[in-house]
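Undergrad: sequence-free structure coming up:
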């Protein structure tokens, strides 16, 4: 595959980073709220890891959104 932003994992990472920024959260704060390790959140944001459905749900709860909205936003980035 090409650049990270050309993959679903990369697009999800971009969405996650943008949503976290809009929420005014650090990676550490988001990780704590979602019950994850900060390094893992960083890997997700860089498109280096592929989140499970449970992780997507935990991130969505921490960001006060729905899991499917995070996935839809990532799919839209791929289509752009």
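TA: Here it is on my side, so go on. Just so we're clear, the structure is a prediction, and the values are computed from it rather than from any experiment.
Undergrad: Not counting the longest helix anywhere in the chain itself, show me its contacts.
TA: For the chain, the helix that runs over the most residues, judged by DSSP state H, is helix 8-22. By Cβ atoms under 8 Å, 6 or more residues apart in numbering, the surrounding residues in contact with helix 8-22 are 3-5, 26-27, 30, 41, 44-51, 59, 63, 65, 70-71, 73-75, 77-78. C-beta coordinates here come from the backbone N, C-alpha and C atoms, glycine included.
Undergrad: Can you mark which positions in the helix or strand following it are buried?
TA: Sequence-wise, the next helix or strand downstream of helix 8-22 (DSSP states H and E) is helix 27-34. Residues 27, 30, 31, 33, 34 are the ones in helix 27-34 that count as buried (16 or more other Cβ atoms under 10 Å).
Undergrad: Direction-wise, compare the longest helix of the chain with helix 27-34 and give the angle.
TA: 100 degrees (axes from the mean of the first three to the mean of the last three Cα atoms, to 10 degrees).
Undergrad: Show the average pLDDT along stretch 37-44.
TA: Over the span of stretch 37-44, the pLDDT mean works out to 98.
Undergrad: mind listing what's buried in it?
TA: For stretch 37-44, by 16+ other Cβ under 10 Å, it's 40, 41, 42, 43, 44.
Undergrad: looking at it, the third one is touching residue 28, isn't it?
TA: No - taking Cβ atoms under 8 Å as the contact criterion, residue 42 and residue 28 are not neighbours in contact, 9.7 Å apart.
Undergrad: The contacts of helix 8-22 in helices, which ones?
TA: 27, 30, 41, 44-45, 59, 70-71, 73-75, 77-78.
Undergrad: With distance to residue 15 as new columns, can the residues you listed be given to me in CSV?
TA: Shown next, in CSV, are the ones in helices among the contacts of helix 8-22 (distance: Cβ to Cβ, whole Å):
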residue, distance to residue 15
27, 15
30, 13
41, 13
44, 10
45, 9
59, 10
70, 6
71, 9
73, 4
74, 5
75, 10
77, 7
78, 11
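Undergrad: No more questions from me, cheers.
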